[in-house]
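**Q** Build me a structure from this.
(2 chains)
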Amino acid sequence: MSSTPVDWRDLDPEQRLTLSLRSPAAFFVSGEDSIQLSAINSAAGVTLTLAGRFMQLNGEVTSFAHVLTPATDRTLSSILKFMGDGTLMNFSVIATSGAPLWGQCWVRVQIVRGLGGATMVIGALVSGYVTASQPVALPGGRMRGSLDGQGVIRAVTGTNPAAGANFSVTVPTGARWRLQSLDVSMVTSGTAANREMVLVIDDGTTILARVPQGTAQIASLTRTYSYYESASRNTIAQAGNFDAALPPIVLLAGSRIMSAVTNIEVDDDIGAPTLLVEEWLEGN
Amino acid sequence: MRIRCKSCLGVYVTLLPDGMEYYHACPPDTMVTVKRGGAPREVKLADVQAGDVEVSRRHVDRADHRDENIVVIRNDKGDVTTRIKSEGRGTEPAP
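**A** As a prediction, the model looks like this:
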């Protein structure tokens, strides 16, 4: 081959095709194949754009861009787009609207045989979390699962229970949580009784862990209970606060984090719990 | 917007400050099996008396409990629809 610089625009289609066959892009597709972008997302206001370049059989390179607005409830959303005959040269997926954090929006790009009716996945190209500045892309990308790496760190304020009721927070469908800390207050009524805060974690049915405070809260007191991994349990309130340790525990969807206060009275008032969790998308 | 669950009377917001949705689920009732006077019996947690010997606990959903977490339903084409797990008695704006 000549060392003379070649201007792509000066070549005829046959010469372009010859050169294109030397392209590192490995994804030659026929007119029966489509490209599918799927996403699992928990952030509000996200729009994803799949954009790239495609070389037709005549050697002409065209660009494409497809947009997906994923659901926010951690379910799978997808678009399927026709590509034509030629070579998929490169593409990237990035959030073009919204501000998803790492761990909130997981995407996957596949080649699918067919566009409607019976379809079949014939190639998985790339997957991973995206943000507004961190894309997944080919060439260079790889398949990363939604449970790989760090999740998103988020504060969750639970339901403020009615008087006399315990609090309960459920891990949402499609999420996996690592509980890092929990803070909740309890105001006891004037009714004489020794209440004891007990933190209970179950999988929706079976109790996995119980963290009893070990100290009674008598009538007419306000106390705050803080749980975190490195805490040591104190049995005398410090400035109205009790600490206790959390087990290092990862919880699947449907698991519950709740209180089970011994001797709770009808006018006792437990506040809304605040949790710090690391969350991953299950990717089911 | 603050919402009150008409099943458990808990108050919550459906959209948290970080922009993520919050799905309320009513707290369960805690039932405790105790030995009282040597005989086992199951009572509500609030009804445990001094002198009871606790044997075990279990959590039971209250009648008409509400659970806003979703159930994912797929048809044979792979299309996804969702519904909440349990309506309970519904919700109302919190005062």
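**Q** Can you name the residues of chain B sitting close to chain A?
**A** B:5, B:8-13, B:15-28, B:30, B:45-46, B:48, B:57-59, B:67, B:69-72, B:80, B:82 (C-beta under 8 Å from any C-beta of the partner chain). All C-beta spots, glycine's among them, are computed from the backbone N, C-alpha and C.
**Q** buried subset of these?
**A** In terms of neighbour count (16 or more other C-beta atoms under 10 Å in any protein chain shown), the buried residues within these are B:5, B:8-13, B:16, B:19-28, B:30, B:45-46, B:48, B:57, B:59, B:67, B:69-70.
**Q** Which of those fall in strands?
**A** In strands, defined here by DSSP state E, the members of these are B:5, B:11-13, B:30, B:57, B:59, B:67, B:69-70.
**Q** Can you tell me which residue sits nearest the middle of chain B?
**A** Central residue of chain B (C-alpha atoms, centre = their mean): B:Cys26, 2.6 Å from the mean position.
**Q** on that earlier part again, closest one of the ones in strands among the buried ones among the residues of chain B next to chain A to A:Arg53?
**A** Proximity of these to A:Arg53 (C-beta to C-beta) peaks at B:Ile70, which lies at 37.9 Å.
**Q** residue contacts, the closest one?
**A** B:Ile70 sits next to A:73, A:75, A:172-174, B:23, B:82-85 when contact means C-beta atoms under 8 Å, 6 or more residues apart in numbering or on different chains.
**Q** mind putting the residues you listed in JSON lines, secondary structure, distance to A:Asp183 and pLDDT included?
**A** Output for these, formatted as JSON lines (DSSP: H, G, I helix; E, B strand; the rest coil; distance: C-beta to C-beta, whole Å; pLDDT from 0 to 100):
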{"residue": "A:Asp73", "secondary structure": "coil", "distance to A:Asp183": "27", "pLDDT": "93"}
{"residue": "A:Thr75", "secondary structure": "coil", "distance to A:Asp183": "31", "pLDDT": "92"}
{"residue": "A:Pro172", "secondary structure": "coil", "distance to A:Asp183": "20", "pLDDT": "96"}
{"residue": "A:Thr173", "secondary structure": "coil", "distance to A:Asp183": "25", "pLDDT": "94"}
{"residue": "A:Gly174", "secondary structure": "coil", "distance to A:Asp183": "25", "pLDDT": "94"}
{"residue": "B:Tyr23", "secondary structure": "coil", "distance to A:Asp183": "20", "pLDDT": "96"}
{"residue": "B:Thr82", "secondary structure": "strand", "distance to A:Asp183": "31", "pLDDT": "89"}
{"residue": "B:Arg83", "secondary structure": "strand", "distance to A:Asp183": "33", "pLDDT": "93"}
{"residue": "B:Ile84", "secondary structure": "strand", "distance to A:Asp183": "28", "pLDDT": "94"}
{"residue": "B:Lys85", "secondary structure": "strand", "distance to A:Asp183": "27", "pLDDT": "95"}
